[in-house]
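> here is my input, please return the structure:
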Amino acid sequence: MASTTAHPTHVTGRTDYLAEARALADDLIALRRAIHADPEVGLHTPRTQQRILDALDGLGLEIITGRQLSSIVAILRGAHPGPAVLLRGDTDALPIIEQTGLEFASTNGAMHACGHDLHATGVVGAARLLAAHRGEIHGSIVFMFQPGEEGHGGARIMIDEGLLEAAGTEIIAAYAVHVAPGPRGVFATRAGTVCAGSGDLTITVRGRGGHGSQPHQTIDPVPIAAEIVLALQSTVTRSFDVFDPVVVTVTQLETDSDAINVTPEHARLHATVRALTPAAVATLHERLPALAHGIATAHGATADVELDFRYPPTINDADTTATTIARLGSLLGPHRVATAPTPLMGSEDFSFVLDRVPGTFLALLATPPGTDPTTAEFNHSPRVVFDDTVLPDQAAALATLAHARLEEARHDNR
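Down below sits the predicted model:
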């Protein structure tokens with residue numbers, strides 16, 4: 001891929017997406033609040049899907065809805081041929097009872113506690129902006145509205161259903177914005193790994209049960225499992241570079257016995273595992289089973305190990321991200337763009353897209369006025385609140401990035 005850092009950061013001399021987006025503010029805020037008040041969890045979000053379809057109606061987009069999930073792929077064909085750019089907005093909520101006290105708070109037992117209502121609305125805004133400039137666009141723009149981001153692998157399913165081939169031309173860049181607490185209106189990103197990959201670890205220790213008063217006649221799986229828990233912490237600090245961190249957090253311990261005086265046959269532990277690089281993921285697959293098997297064998301037991309890395313690390317393309325930072329600085333002012341110092345240990349299934357397409361995953365900081373960003377509730381809290389006045393800037397940023405990348409490709413091909 002040719003370096004993108006040498007190209008100008010403007011889109012065209014005629015397009016001012018920021019001013020146009022601010023004229024859409026009332027419509028975008030109304031859509032976001034309607035989605036927020038009626039959240040849906042998982043892969044099947046038909047009411048949210050319909051709201052987005054209604055908001056896209058009349059824009060002249062090609063619409064493809066998902067077969068296995070309530071996704072939308074909307075394609076804007078520019079007036080001139082060229083490659084494609086993808087913009088992602090996730091749409092699902094979390095099974096959390098909302099405690100914000102907002103006038104438009106959810107009352108159905110779910111909550112948009114991770115800001116997906118803003119993400120989807122921002123992409124709707126970008127679609128409206130770009131559709132109004134179809135005559136200037138050399139190529140296509142794919143708008144990806146994705147449910148099932150919260151642990152259901154919706155992006156992978158959309159890719160399996162043909163997302164990346166839907167435009168009929170190469171997708172040369174992909175962008176997604178995710179809101180987070182912080183100084184309102186600041187975009188933050190970084191080249192390289194921006195979010196960790198995440199996996200689920202299950203270790204089942206198989207011993208020999210018996211009476212709790214006669215441990216010498218049993219192979220007690222409980223202390224063996226406890227030893228494995230402690231060893232997992234040691235292997236993290238002794239097997240991995242401190243500058244390529246790994247997290248293994250055991251969150252559940254259980255046995256197959258309901259009686260206090262019975263030594264169980266089995267003990268099972270569950271852990272969440274996070275890593276920032278494919279190399280660290282590969283090492284985890286090698287080391288963790290060996291560790292569990294070794295400890296179990298030393299005590300005459302056996303261990304079954306399942307490590308399922310459901311999300312790879314989210315890795316931003318270096319050239320695309322450098323140009324993204326420059327373009328947003330030109331659009332909004334350099335004080336509105338920050339380089340994140342470290343990755344997040346949370347995971348993101350936009351990683352499946354970035355595994356296939358160079359692109360950039362960005363944070364948009366959105367703590368409301370009057371709230372200290374340093375103490376604001378974080379994503380997934382039942383009390384987290386995001387300021388939806390950032391929506392016009394989000395829409396303008398996405399529209400600018402998409403249009404500018406296609407302009408850049410046109411100039412590269414001259």
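
> quick check: the residue nearest the centre of the chain vs Val305, distance?
Closest residue to the average C-alpha location of the chain: Glu348 at 2.6 Å, with C-alpha atoms, centre = their mean. Separation of Glu348 from Val305 (C-beta to C-beta, to the nearest Å) stands at 26 Å. Where C-beta positions appear, they are placed from N, C-alpha and C, glycine not excepted.

> thought Asp92 was touching Gly154?
Yes - Asp92 lies in contact with Gly154 (C-beta atoms under 8 Å); the separation is 7.1 Å.

> can you list residues touching both of the two?
Here Asp92 and Gly154 have 43, 147-148 as joint contacts, going by C-beta atoms under 8 Å, 6 or more residues apart in numbering.

> which residue ranges of the stretch 301-414 of the chain form helices?
Remark: helices assigned in the stretch 301-414 of the chain by DSSP state H, counting those that start in this stretch are 318-332, 351-354, 391-412.

> looking at those, which is closest to Arg238?
Arg238 lies closest, by C-beta to C-beta, to one member of the helices of the stretch 301-414 of the chain: helix 351-354, at 27.4 Å.

> which residues are in contact with that closest one?
86, 88, 144, 153, 155-156, 159, 163-164, 174, 176, 195, 197, 311-317, 359, 361.

> same check, this time on stretch 272-279
With C-beta under 8 Å, 6+ apart as the criterion, stretch 272-279 contacts 193, 196-201, 244-249, 251, 281, 284, 288, 307, 309, 312-313, 343, 345, 347.

> just the ones of the residues you listed in strands?
193, 197-201, 246-249, 251, 307, 309 (DSSP state E).

> from those residues, pick the one nearest His116.
Looking across the ones in strands among the contacts of stretch 272-279 and measuring by C-beta to C-beta, the closest to His116 is Ser198, at 17.7 Å.

> what is the burial count for that closest one?
Using other C-beta atoms under 10 Å, Ser198 has 24 neighbouring residues.

> for it, list the residues it contacts.
Ser198 sits in contact with 272-274, 309-311, 346-347, where contact means C-beta under 8 Å, 6+ apart.

> low-confidence bits of the stretch 301-414 of the chain, can you list those?
Residues of the stretch 301-414 of the chain that meet the criterion pLDDT under 70 lie in 414.

> quick one, domains of the chain?
Listed by automatic domain parsing, the domain ranges of the chain are 17-193+315-412, 197-311.

> any chance of the shared contacts of Asp92 and Gly154 in a markdown table, with secondary structure too?
Formatted as a markdown table, the shared contacts of Asp92 and Gly154 follow (DSSP: H, G, I helix; E, B strand; the rest coil):
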| residue | secondary structure |
| --- | --- |
| Leu43 | coil |
| Pro147 | coil |
| Gly148 | coil |
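
> who wins on neighbours among those?
In these, the most neighbours by other C-beta under 10 Å go to Pro147, 30 neighbours.

> that residue is in contact with Ala93, isn't it?
No - counting by C-beta under 8 Å, Pro147 does not reach Ala93; the two are 9.4 Å apart.

> name the residues contacting each of those two.
Glu40.

> report the buried members of the ones in strands among the contacts of stretch 272-279.
By neighbour count, with 16 or more other C-beta atoms under 10 Å, these hold 193, 197-199, 201, 246, 248, 307, 309 as buried.

> where's the nearest residue to Ile52 once chain neighbours are set aside, which helix or strand?
Once flanking residues are discounted, Ile52 sits nearest to Phe145: 5.4 Å by C-beta to C-beta, 6 or more residues apart in numbering. If you go by DSSP states H and E, Phe145 is part of strand 138-146.

> next: Arg156.
Assigned by DSSP H and E, Arg156 belongs to helix 154-160.

> now that helix: mean pLDDT?
The average pLDDT for helix 154-160 rounds to 98.

> list the helices and strands that helix packs on?
strand 138-146, helix 351-354 (3 or more C-beta pairs under 8 Å, 6 or more residues apart in numbering; DSSP states H and E).

> show me how far it is from its chain's centre.
13 Å (C-alpha atoms, centre = their mean, to the nearest Å).

> how much space separates Asn227 from Thr302?
If you look again at residue 227, you'll see it is Glu, not Asn. Between Glu227 and Thr302 the computed distance is 14 Å (C-beta to C-beta).

> and if you look at Pro215?
Look at Pro215 and Thr302: by C-beta to C-beta, they are 18 Å apart.

> neighbour count for these two, which is higher?
Higher neighbour count among Pro215 and Thr302: Thr302, with 16 against 12, using other C-beta under 10 Å.

> got the contact list for that one?
205-206, 293, 296.

> bridging residues for it?
Beta-bridge pairing for Thr302 (DSSP bridges): Arg206.

> greatest separation within the buried ones among the ones in strands among the contacts of stretch 272-279: which pair is it?
Across those, the longest distance by C-beta to C-beta is 20.4 Å; it joins Thr193 and Leu201.

> what kind of secondary structure is Val236 in?
Three-state assignment for Val236 (three-state DSSP): helix.

> isn't it up against Val250?
No - assessed by C-beta under 8 Å, Val236 is found out of contact with Val250, at 11.4 Å.

> picking up where we left off before, show me what the helix holding Arg156 is in contact with.
With C-beta under 8 Å, 6+ apart as the test, helix 154-160 has contacts from 43, 66, 68-69, 71, 73, 88, 90, 92, 144, 146-149, 349-353, 356.

> return the set of buried residues in that helix.
So for helix 154-160, counting by 16+ other C-beta under 10 Å, buried means 154-159.

> and the helices and strands packed on helix 154-160, which is most packed in?
strand 138-146 (a mean of 26; mean count of other C-beta atoms under 10 Å).

> what's that strand packed up against?
helix 46-56, strand 72-77, strand 80-90, helix 116-131, helix 154-160, helix 391-412.

> what about 7 Å?
Here strand 138-146 touches strand 72-77, strand 80-90, helix 116-131, helix 154-160, helix 391-412, going by 3 or more C-beta pairs under 7 Å, 6 or more residues apart in numbering; DSSP states H and E.

> tell me the contacts of Gly346?
If a contact means C-beta atoms under 7 Å, 6 or more residues apart in numbering, then Gly346 has 195-196 as its contacts.
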